[in-house]
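Trainee: below are the sequence and a predicted model; questions follow.
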Amino acid sequence: MSVDARRNDDVVGRPTLNLFDHLDDVVHQRTRLGVLCALSWNRELDFNGLRSTLCLSDGNLARHITVLQAADLVETDKRIEGHRRRTYISPTPLGDASLEAHLRILGIIARTHQGWMNGRLDATG
């Protein structure tokens with residue numbers, strides 16, 4: 001995902017980068033962002049560990065993993081360990097790249113907003 005330099009005028013006529021168009025709706029959703037972040041830190045988690053980390057129900061986590069799989073952002077691996085079947089989730093290369101791009105855009109938005117707020121506060125006293 002690349003950030004282009006498309007510009008729009010905001011409501012008071014200042015040129016602004018239209019960065020919000022570059023946020024990925026699949027990644028941006030709070031639970032899915034949490035899944036991708038947890039996986040970027042751990043590289044692979046079993047379903048129960050991920051569910052506990054994010055404090056989610058089985059059904060809620062399963063639904064979000066399905067959405068992330070459909071977008072090719074995570075993959076699952078079902079294994080038999082002892083007498084139990086366990087599902088492991090890991091990020092795909094596209095998942096890693098999408099998370100990195102998303103966080104980069106959020107950082108740009110935050111720095112732009114902070115710079116604008118600092119300028120606005122300085123200008124108004």
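Mentor: That came through, no problem. Residues are numbered from 1 along each chain as shown.
Trainee: just confirm His28 contacts His102, I think it does.
Mentor: Yes. His28 is in contact with His102 according to Cβ atoms under 8 Å; the separation is 6.6 Å. Backbone N, C-alpha and C define where each C-beta goes, glycine included.
Trainee: neighbour-wise, which of the two wins?
Mentor: Counted by other Cβ atoms under 10 Å, His28 and His102 do not tie: His102 has more neighbours, with 19 against 13.
Trainee: need the contact list for the more buried one.
Mentor: Neighbouring residues of His102 by Cβ atoms under 8 Å, 6 or more residues apart in numbering: 1, 23-24, 27-28, 33.
Trainee: which strand or helix spans it?
Mentor: Secondary structure from DSSP states H and E places His102 in helix 93-124.
Trainee: what are the buried residues along that helix?
Mentor: 95-96, 98-99, 101-102, 105 (16 or more other Cβ atoms under 10 Å).
Trainee: then stretch 57-77?
Mentor: With burial defined by 16+ other Cβ under 10 Å, the residues of stretch 57-77 counted as buried are 61, 64-65, 68, 71, 73-74.
Trainee: what residues does it touch?
Mentor: The contact list for stretch 57-77, computed with Cβ under 8 Å, 6+ apart, reads 26-27, 29, 31-32, 35-36, 39, 47, 50-51, 54, 56, 87-92, 94-95, 98-99.
Trainee: and the residues you listed, which are buried?
Mentor: Among these, those buried by neighbour count (16+ other Cβ under 10 Å) are 26-27, 31-32, 35-36, 39, 47, 50-51, 54, 56, 88-89, 91-92, 95, 98-99.
Trainee: which of those residues fall within helices?
Mentor: 26-27, 31-32, 35-36, 39, 47, 50-51, 54, 95, 98-99 (DSSP state H).
Trainee: show me which helix or strand of the protein is least confident by mean pLDDT.
Mentor: Using mean pLDDT, DSSP states H and E, strand 7-9 stands out as the lowest-scoring helix or strand of the chain, at a mean of 43.
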